[in-house]
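Engineer: predicted structure and sequence below. I'll ask about it afterward.
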Amino acid sequence: MHTTLRVRRYNPEQDHPSPYYQEYDLAFDPSDSVLDGLIKVRETIDDSLTLRCSCRGAICGSCGMRINGHAALACKTKIISVAPLGETIDVEPMNNMPVIKDLVTDMAPFWEKIRQIQPWLRPAEPAPVAEYLAPPESMNHLAGVMSCIMCGVCVSDCTVLEVDTNFLGPAALAKAYRFVADHATSPHQTVWRPSMNQAACGIARAVWNVFRSAQKASGRWIELWHCDQRAWRATYHPPAVPGMQKYSRTSSSIKAF
Amino acid sequence: MISPPTYDVLIVGAGLAGMRAAISAHQQGASVALLTKVHPVRSHSNAAQGGINAALTDRGDKWEDHAFETVKGSDYLADQDAVEVLAQDAGHDIITLEHMGVIFNRNDEGQLGTRRFGGQKKARTFFVSDFTGQAMLHVLYEQLMQAKIPVYEEWFVTSLVKDDQGHCAGLVAFEMRTGQFALFRAKTVIMSSGGLGRVYEPSTNALICTGDGMAVAYRAGAPLMDMEMVQYHPTTLKGKGLLITEAARGEGAYLLNKQGDRFMKHYAPTMLELASRDVVSRAEQIEINEGRGMNGCVFLDCRHLGRAFLQDRLGQIYAEAQTFANIDLAEELLPIRPGMHYQMGGIKTDTEGRCWDIRGQWNGLPGLFAAGETACVSLHGGNRLGANSLLDTIVFGRRAGQCAANYARTIPSPTISARSMEADQHLIATILARKGPGERPAALRLEMGTTMNRYVSVFREQEGLETARQHIQALKARWPGVTIHDKGQVFNTGMIAVLELGFMLDCAEAIIAGALTRKESRGAHFRTDYLDRDDEDWLQHILLYHQPGSEPLTDFLPVTITQWQPQVRVY
């Protein structure tokens, strides 16, 4: 079977760098992912096509990119699922982060927001000699949160970040939720006080939209929503943008979660 | 030009071993930095699914049992002093991880829960669903952020640098984003850069597993040990070779041939599917070779486990089978086959991660340490038990970090000149200057991978190994002609592919040299022309020293035996 990958290219070393689209015709197997297709292009047609990839199994989170406009992991997206009749597939770098080259984006702002929520466990009391005793369900619940692979796909599709780059974004909030939920349900009794009030921000509906797209990528995050909608009760005032729906504020602090 | 500060401990690779080493060196008060070609959470430690072993005394388990089963699993090639350290430290190190925030699955009493794993009679594998490695990796990254340990992300190491006394004094690397080179001065370097799976095609390993650390250390004079010991995992998917965790069998899945027969009863009557990996992989390959497989595969049967159980305890492979093989594990048989998975060998270290030998001397490269899959302590000997690799990274990563920090205190700052970078800069310039058409690196890599998978796999013999050696030598001769069309400095992944290929060819050569040298069958190294284990002649490690332009120099080390004399190995 054949398809065409229409890839957004960008190389800052060109004399007049500006993004452009390049098409690659490609033979593919029904089992091939978009990543397989891109690797085939890179290895046999054009070695200057630049992307990150590693595990090929949707674990490492390297190959987030936009496929036909929606962010996804390329290794997890079958060519046949997006181009059943051999249609052209648009492949572009993730949104809401600067592009370094072709499909490689600068994830530094992403990780900066993760750091802002100070995502590490700080138990209030000295740890016991053995393990913390905890009910299996609460651990299973937290493990569901911890299964986030930090690929950035949810951030790419986040419509709030498009209008307010200060918004922490869904990945950082999910990471925050791991410690919030820990406080509520586990024996760690975490002292978790993010330094920034901004960490309190969450737009329930926007987060929900983003998580729906993230679920397509990872198949896991949706559990967050099902498991504990309380976590997302806090809402947020985006800056006034014409046409932007207003959300009501119920909390200004993450402590209210 | 970037000129980084001088570090006490510079760590190459930020997977579990590297991050664990960084945290422990930091706690010792050393100045530490990590340097990695991918972001830490993209590391291949992610892929470890099933769990991490420890014998906890408060569960009625004994570290001696864990140690013995590790030694037996290794086919008696593991150094027993190292295995004792591993088994004794395991409990403490796992509890430390739990206190850091790893959300291990619990039993009904709220304690850490266990599951069964191959080669072990007792359930002593602690786990986080079936993404244990990922859970640990992300928590160690949290600890790294908290400690504010600097990470040079997406830097690619090209060589180690020695001072005038031959002491490892730092390394040369370039930043992938800019192509800029820098000389890193460090009192000690810890190699924790993972395995070399991409030497084979297919392999369960991620595309980043290209043996860089092993090759760089090997070229700088550190010996590689037991490189012939390459583990084939019994359950990998056809095609790209993705891994299906051993936890599936640990939780009760069967292996069937095309007649529906649970064939493991003929090969391992007691342990069945949970015999050690080399035994199961050989059994599968025999079934396939003798016509009882289907399309080069046998089958994993999870149907009796039930959908809810699969989703809960084996969620990742349940989804993986769906996505990558279009199989519903709750209803259908999954075709699987043995696939290259792990390198038991690596940079020879002692139990503190130092690259020195049991004679108590730095063995080629003083100042160099190693931990994790890159290293060979030797814990795993001829065959690694499932769930011992995560334990290896945590225990020996910690020990290497501690020892390197303490050692750094006793030595002066390194003195090396910025001219140390010139050779590598010249190499990059030469590669960029090559005019087309030339050969693509991917073509050579595929030839190397299929050669290795054909001749240096589950079954090996002299003639095939000689053929493989000739192929690899021919590929090495072609490597200087490899051409890329991207001539840029920014994120030139074509350049990375060329350099990685060079590293992998050195690793392949070492694997074949070891396999040709070891004239017996032990663990993963099964010679159809030497069918038996030969403790009289071969109860020893094979050390290989790099010789530019010729075959590696071979040396031998006796295996350390403390309390378990070699016995016949039956499962």
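Structural biologist: All right, it came through fine. Bear in mind the structure is a predicted one, so any value in this text is a computation, not a measurement.
Engineer: for the closest residue to chain A within the stretch 201-350 of chain B, grab the count of nearby residues.
Structural biologist: For the stretch 201-350 of chain B, the residue positioned closest to chain A under C-beta to the nearest C-beta is B:Ala206, at a distance of 4.3 Å. Quick note: C-beta positions are derived from backbone N, CA and C, even for glycine. Here the number of neighbours of B:Ala206 (other C-beta atoms under 10 Å in any protein chain shown) works out to 26.
Engineer: if I look at it, how far off is A:Cys53?
Structural biologist: As for B:Ala206, its distance to A:Cys53 is 9 Å (criterion: C-beta to C-beta, to the nearest Å).
Engineer: equivalent analysis for B:Gly481, please.
Structural biologist: Applying C-beta to C-beta, the value for B:Gly481 to A:Cys53 is 26 Å.
Engineer: neighbour count for the two, which is higher?
Structural biologist: Between B:Gly481 and A:Cys53, counted using other C-beta under 10 Å, the more crowded position is A:Cys53 (23 against 10).
Engineer: wait, isn't that one in contact with A:Cys63?
Structural biologist: Yes. A:Cys53 sits in contact with A:Cys63 when judged by C-beta atoms under 8 Å, with a separation of 4.4 Å.
Engineer: list residues touching both of those two?
Structural biologist: Common neighbours of A:Cys53 and A:Cys63 (criterion: C-beta atoms under 8 Å, 6 or more residues apart in numbering or on different chains): A:35, A:74-75.
Engineer: export those to CSV and tack on neighbour count and secondary structure?
Structural biologist: Compiled in CSV, these are given as follows (neighbours: other C-beta atoms under 10 Å in any protein chain shown; DSSP: H, G, I helix; E, B strand; the rest coil):
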residue, neighbour count, secondary structure
A:Leu35, 22, helix
A:Ala74, 27, helix
A:Cys75, 28, helix
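Engineer: list the buried residues of stretch B:82-101.
Structural biologist: By neighbour count with 16 or more other C-beta atoms under 10 Å in any protein chain shown, stretch B:82-101 contains the buried residues B:82-87, B:89-91, B:93-101.
Engineer: hmm, B:Ala21 is touching B:Met191, no?
Structural biologist: No. The pair B:Ala21 / B:Met191 is not scored as a contact, 10.0 Å apart, by C-beta under 8 Å.
Engineer: who touches both of those two?
Structural biologist: Taking C-beta under 8 Å, 6+ apart as the contact criterion, the common neighbours of B:Ala21 and B:Met191 are B:369, B:371.
Engineer: where exactly do the strands run in the stretch 51-200 of chain A?
Structural biologist: Under the criterion DSSP state E, counting those that start in this stretch, the stretch 51-200 of chain A contains strands at A:64-67, A:70-73, A:88-92, A:99-101, A:104-105.
Engineer: rebuild those as CSV, extending it with distance to chain B.
Structural biologist: Conversion of the strands of the stretch 51-200 of chain A to CSV gives the following (distance: least, C-beta to the nearest C-beta, whole Å):
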stretch, distance to chain B
strand A:64-67, 11
strand A:70-73, 10
strand A:88-92, 16
strand A:99-101, 5
strand A:104-105, 5
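Engineer: want to throw these into CSV with mean pLDDT?
Structural biologist: Conversion of the strands of the stretch 51-200 of chain A to CSV gives the following (pLDDT from 0 to 100):
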stretch, mean pLDDT
strand A:64-67, 97
strand A:70-73, 94
strand A:88-92, 98
strand A:99-101, 97
strand A:104-105, 98
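Engineer: for those, which one sits closest to B:Ile327?
Structural biologist: When these are compared by C-beta to C-beta, strand A:70-73 sits nearest B:Ile327, at 19.9 Å.
Engineer: CA atoms only for the closest one, dumped as PDB, please.
Structural biologist: The C-alpha coordinates for strand A:70-73 follow below in PDB (Å, rounded to 0.1, in the frame of the first residue of the first chain):
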ATOM      1  CA  HIS A  70      -3.900  16.200  16.400                       C
ATOM      2  CA  ALA A  71      -1.000  15.400  18.700                       C
ATOM      3  CA  ALA A  72      -0.200  11.800  19.200                       C
ATOM      4  CA  LEU A  73       2.700   9.400  19.600                       C
END
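Engineer: related to what we said a few turns ago, save the shared contacts of A:Cys53 and A:Cys63 as JSON lines, and put in pLDDT and distance to chain B too.
Structural biologist: Conversion of these to JSON lines gives the following (pLDDT from 0 to 100; distance: C-beta to the nearest C-beta, whole Å):
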{"residue": "A:Leu35", "pLDDT": "98", "distance to chain B": "10"}
{"residue": "A:Ala74", "pLDDT": "97", "distance to chain B": "13"}
{"residue": "A:Cys75", "pLDDT": "95", "distance to chain B": "9"}
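Engineer: just give the number of residues close to the closest residue to B:Leu539 other than its chain neighbours.
Structural biologist: If you skip the residues right next to it in sequence, B:Leu539 has B:Val559 as its closest partner in space, 5.2 Å away by C-beta to C-beta, 6 or more residues apart in numbering or on different chains. Applying the criterion other C-beta under 10 Å, we find 20 residues in the vicinity of B:Val559.
Engineer: in terms of pLDDT, where does the closest residue to B:Lys348 other than its chain neighbours sit?
Structural biologist: Excluding the flanking residues, the one nearest B:Lys348 by C-beta to C-beta, 6+ apart is B:Met225, at 4.1 Å. Taken from the predicted model, the pLDDT recorded for B:Met225 is 97.
Engineer: and B:Met225, its phi and psi?
Structural biologist: As for B:Met225, its main-chain torsions (degrees, to the nearest 10) stand at phi -120, psi 140.
Engineer: sorry, back to before: ok, the residue of the stretch 201-350 of chain B closest to chain A - contacts?
Structural biologist: The neighbourhood of B:Ala206, defined by C-beta under 8 Å, 6+ apart, consists of A:54-56, A:60, B:44, B:46-47, B:197.
Engineer: report the buried members of those.
Structural biologist: Those of the contacts of B:Ala206 that meet the buried threshold are A:54-56, A:60, B:44, B:46-47, B:197, by 16+ other C-beta under 10 Å.
Engineer: before we move on, the earlier item: can you tell me how far the residue nearest to B:Leu539 is from B:Ala87?
Structural biologist: Distance, B:Val559 to B:Ala87, using C-beta to C-beta: 17 Å.
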